[in-house]
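In: Using only what follows, build the 3D model:
(chains A and B)
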Amino acid sequence: MSSEIAPPPSGPPVGPPSGPPTGPATGPPTAPPTAPPTGPPVGPPLGAPAGYPPFIAAPLTGMIAVNNVSKFFGSVVAVSDVSFAIDAGVTALLGPNGAGKSTLFRMLCGLTPPSRGDVSVLGANPRTDRDVRGAIGLVPQQDALFDQLSAMDFVSIAAESHGIDRASVPAVAEWALEQVDLADVGAKPVGQFSKGMRQRAKVAAALVNDPAVLILDEPLTGLDPVQRRRMIALFHRLGDEGRCVLVSSHVLDEVARLGSNVLVVAQGRLVARGDYRDLRGLMDDRPHRIRLGVSDPRRLATSLVGSGLVSALTLEHDHVVVDTLDVNALGRALAPMAVELGVRLTEVSPLDDDLESVFRYLVEGR
Amino acid sequence: MTNIAATPDPAPAPSSYPTGVQRGSVGNLDALRLTYGVVLGQLRSPGRIVALLLLSLTATVAGFAVGTSDSARLDQGAGVVANLGFAVVIPVVCLVFAGGAIGDLRDDKTLVYLWLRPMNRWPIVLGAALAALTMAAPITLPPVVAAAALTGVGNGLVGATIIASVVGLIAYTSIFTMMGVWLQRHIVWGLAYILIWEGFIALGGAGVAQFAMRKYTRSIINDQTGARLEGADFATSTGIIVPLLVSVAVLAIASWRLSHHDVD
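Out: You can find the predicted model right below:
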């Protein structure tokens, strides 16, 4: 799994061009599942002499391909020079509110054109290609629905407006509502639904056309824990079936559960992509924080400080929290040190090997 | 001690998409029908209907007042129909329904559910306009025609009012549908259009006055009844054809605009 990281707060991601070939414009996706996000080469090779001609990067390809896309609203830059390509599987788009996630999603669906760059979905421009619009399932961020309609009617209209033959519409709508556990309340107006139920109705409407590409803008908002678990399982299943599922969230815990393919956006820029655990590993200039459960914390702490392996240390009554720049060296030294000191290690666990630390570093620079 | 049983996850839903589903492109008629149904449902608000019906009834009351006066003349009867029915009732009711037909969808961000579909844009616009017309016609036509009848002036005023009202309904519905697609705060712009453009321009000189729909509806009344309403000297055929051509043009512009629209 390759991961790429750009120094915060800006700078385009660097990496080799890769990614499977584009699937057909319509019909079932053919790309292998869980392909990682890929990015373009930018600029000349490291160490190249001055005047080295910048190479022309080949456009990225994938079920979704975003090439050097920017979006301006007047003088406001909502999205700035973003490039990535993704294929089948679940990819999470992580970023704080206002980072540009929804604008990026709107461009992916053709709802607004990019100011610069190209967006390609299934090899075509979603803004102009009717067939591609029919292959996208979108869960928009906004809460608004046609409140006077029942859930069944809302989903049925979505099916019909996607060109499903009228004889099949009831079966398709029933199936879609079953996927989100709303089949029992299909006759109820969506205007009477709770926030979570409305979210699920939107997901159902996005599934009716058996989309090759699913774009889900904060779809887990308002769901209870059980439904959130169910929905995440549904997204994974759809991704495993060969669909390209792109899910946005600003909630770290959600993204951690959604999968390991992560795109991180902040201030309109793509600041990292890849597996978030690998992203953490790439943050070499940041010390890793590790908790060591130990029978005699004071003795171990004294020895660790003397070894020079840790840059900071906090002593608690039954454990030590250390910061280290060389986690591998610490790992190699720890067991012999414990044996030598005659102390018993009960726990060695990273405290910041999670998405939050990655996010904090990338977005907030700390 | 309380025992709390863990809530089991709901049973897993069947995973496979139904078999044998046929998918094709969405025909224009289907797109029109779907849009019409959705927009009609959105526009059917009891409060809005009652308020606009009360507005329309003012024309009826005015017609009744003219009819019961001792000196009811053709010009007075035609004036009630033209100055209240064609200048206020029909434009305002059309503004509320037609402006909101797509404008409300855009404002509440439900437009995406129609826009992001594999179908042409013009059936969306036409379906929305027809839904607005479906709402506006029953609210305006009976009271305005009743106003014409209650004046009791004869001379074919009722027939002329029916023709002119239908023409006005179609023209204003089309114009305000386009405004709803194009402009935020379409009600404000629409009122400005009714009061400033139609109000002043329609009464202006022969040149620019041709751009006001009110001139055409008034011309139909004049031409059909022999009344002498100011600034209305077109033949009935012109009074019908020009507004209908304008309607087609503005709906085409609205369709173009919708296809180039930024959707939230």
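
In: all helices of the chain, in order?
Out: If you meant another chain, say so; for now it's chain A. For chain A, applying DSSP state H gives helices covering A:101-108, A:130-134, A:151-160, A:169-179, A:195-207, A:225-240, A:252-258, A:276-282, A:297-307, A:327-341, A:355-359.

In: looking at chain B here, not the other one
Out: Ranges of helices in chain B, per DSSP H, are B:28-43, B:46-68, B:74-80, B:90-107, B:112-115, B:122-151, B:157-182, B:186-192, B:206-209, B:213-225, B:236-259.

In: Out of the ones you listed, which gets the lowest mean score?
Out: Of all the helices of chain B, the minimum mean pLDDT falls on helix B:206-209 (a mean of 68).

In: quick one: the residue of the stretch 51-200 of chain B found nearest chain A and A:G110, what's the gap?
Out: When distances are taken as CB to the nearest CB, the stretch 51-200 of chain B reaches nearest to chain A at B:P118, 3.5 Å away. (Glycine included, C-beta is placed from N, CA and C.) For B:P118, the distance to A:G110 (CB to CB, to the nearest Å) stands at 11 Å.

In: Identify the contacts common to those two.
Out: Residues touching both B:P118 and A:G110 by CB atoms under 8 Å, 6 or more residues apart in numbering or on different chains: A:R133.

In: coming back round to it: check whether the residue of the stretch 51-200 of chain B closest to chain A really touches A:G134, as I assumed.
Out: Yes: between B:P118 and A:G134 there is a contact at 3.5 Å, judged by CB atoms under 8 Å.

In: which residues do these two both contact?
Out: With CB under 8 Å, 6+ apart as the test, B:P118 and A:G134 both reach A:162-163, B:25.

In: Tell me what the one residue sitting closest to the centre of chain A is bridged to.
Out: Geometric centre of chain A, nearest residue: A:A92, 1.6 Å, by CA atoms, centre = their mean. For A:A92, the beta-bridge partners under DSSP bridges are A:V247, A:V262.

In: Could you do A:F73 as well?
Out: On the basis of DSSP bridges, A:F73 is bridged to A:V76.

In: What residue in the stretch 51-200 of chain A comes nearest to chain B?
Out: For the stretch 51-200 of chain A, the residue closest to chain B is A:G134, as judged by CB to the nearest CB, at 3.5 Å.

In: Tell me how many other residues surround that residue.
Out: Residues near A:G134, counting by other CB atoms under 10 Å in any protein chain shown, number 23.

In: and if you look at A:R332?
Out: The tally of other residues near A:R332 (other CB under 10 Å) stands at 12.

In: ok, back up a step: now render the helices of chain B as JSON lines, adding mean neighbour count and distance to A:E218.
Out: Putting these into JSON lines (neighbours: other CB atoms under 10 Å in any protein chain shown; distance: least, CB to CB, whole Å) gives the following:
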{"stretch": "helix B:28-43", "mean neighbour count": "20", "distance to A:E218": "24"}
{"stretch": "helix B:46-68", "mean neighbour count": "17", "distance to A:E218": "32"}
{"stretch": "helix B:74-80", "mean neighbour count": "22", "distance to A:E218": "55"}
{"stretch": "helix B:90-107", "mean neighbour count": "27", "distance to A:E218": "21"}
{"stretch": "helix B:112-115", "mean neighbour count": "22", "distance to A:E218": "14"}
{"stretch": "helix B:122-151", "mean neighbour count": "24", "distance to A:E218": "26"}
{"stretch": "helix B:157-182", "mean neighbour count": "25", "distance to A:E218": "28"}
{"stretch": "helix B:186-192", "mean neighbour count": "18", "distance to A:E218": "29"}
{"stretch": "helix B:206-209", "mean neighbour count": "12", "distance to A:E218": "50"}
{"stretch": "helix B:213-225", "mean neighbour count": "26", "distance to A:E218": "45"}
{"stretch": "helix B:236-259", "mean neighbour count": "18", "distance to A:E218": "26"}
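
In: Same list, those, but as TSV with distance to chain A please.
Out: Formatted as TSV, the helices of chain B follow (distance: least, CB to the nearest CB, whole Å):
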stretch	distance to chain A
helix B:28-43	5
helix B:46-68	12
helix B:74-80	37
helix B:90-107	9
helix B:112-115	5
helix B:122-151	10
helix B:157-182	15
helix B:186-192	18
helix B:206-209	34
helix B:213-225	31
helix B:236-259	9
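
In: Save the ones you listed as CSV, and put in distance to A:V121 too.
Out: Shown next, in CSV, are the helices of chain B (distance: least, CB to CB, whole Å):
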stretch, distance to A:V121
helix B:28-43, 21
helix B:46-68, 39
helix B:74-80, 58
helix B:90-107, 23
helix B:112-115, 15
helix B:122-151, 21
helix B:157-182, 25
helix B:186-192, 32
helix B:206-209, 47
helix B:213-225, 43
helix B:236-259, 18
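
In: Among those, single out whichever gets nearest to A:S115.
Out: For A:S115, the closest of the helices of chain B is helix B:236-259, at 18.5 Å, according to CB to CB.

In: Can you tell me what sits against that closest one?
Out: With CB under 8 Å, 6+ apart as the criterion, helix B:236-259 contacts B:102, B:115, B:120-122, B:124-126, B:129, B:163-164, B:167-168, B:170-171, B:173-175, B:177-178, B:181-182, B:210, B:213, B:216-217, B:219-220, B:223-224, B:234.

In: Next up, the contacts around the closest residue to B:A137 other than its chain neighbours.
Out: In this structure, B:A137 finds its nearest non-sequential neighbour in B:L169, 5.7 Å apart by CB to CB, 6 or more residues apart in numbering or on different chains. B:L169 sits next to B:90, B:94, B:133, B:136-137, B:140-141 when contact means CB under 8 Å, 6+ apart.

In: Name the nearest of those residues relative to A:L216.
Out: For the contacts of B:L169, the minimum distance to A:L216 (CB to CB) is 37.0 Å, reached by B:L133.

In: The closest one: what's its closest spatial neighbour, skipping adjacent residues?
Out: Taking CB to CB, 6+ apart, and ignoring the residues beside it in sequence, B:L133 has B:T173 as its nearest neighbour in space, at 4.8 Å.

In: check contacts around the one you found.
Out: By CB under 8 Å, 6+ apart, the contact list for B:T173 reads B:94, B:97-98, B:129, B:132-133, B:136, B:247.

In: let's see 6 Å
Out: By CB atoms under 6 Å, 6 or more residues apart in numbering or on different chains, the residues touching B:T173 are B:94, B:98, B:129, B:132-133.

In: Sketch out the low-pLDDT regions of the stretch 1-150 of chain A for me.
Out: Applying pLDDT under 70 to the stretch 1-150 of chain A flags the ranges A:1-59.

In: Repeat the analysis, applying 90 as the threshold.
Out: For the stretch 1-150 of chain A, applying pLDDT under 90 flags the ranges A:1-63, A:74-75, A:94-99, A:128-131, A:133-134, A:142-143.

In: which bits of it sit near chain B?
Out: Residues of the stretch 1-150 of chain A lying near chain B by CB under 6 Å from any CB of the partner chain: A:109, A:111-112, A:130, A:133-134, A:138, A:140, A:142, A:144, A:146, A:148.

In: repeat for the stretch 151-300 of chain A
Out: The interface of the stretch 151-300 of chain A toward chain B, taken as CB under 6 Å from any CB, is made up of A:160-161, A:163-165, A:168, A:171-172, A:175, A:178-179, A:181, A:210, A:226.

In: Serialize those to CSV and add fields for neighbour count and pLDDT.
Out: Below are those laid out as CSV (neighbours: other CB atoms under 10 Å in any protein chain shown; pLDDT from 0 to 100):
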residue, neighbour count, pLDDT
A:E160, 23, 95
A:S161, 25, 94
A:G163, 20, 92
A:I164, 24, 93
A:D165, 14, 92
A:S168, 18, 93
A:A171, 16, 94
A:V172, 25, 95
A:W175, 24, 95
A:E178, 18, 95
A:Q179, 24, 94
A:D181, 20, 93
A:D210, 21, 93
A:V226, 13, 89
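
In: Pick the one among these closest to B:K109.
Out: Among these, A:S161 lies closest to B:K109 (CB to CB), at 16.7 Å.

In: Would you mind measuring from the closest one to B:V26?
Out: Distance of A:S161 to B:V26, computed by CB to CB: 6 Å.

In: check contacts around A:F235.
Out: Contacts of A:F235 (CB under 6 Å, 6+ apart): A:90, A:245.
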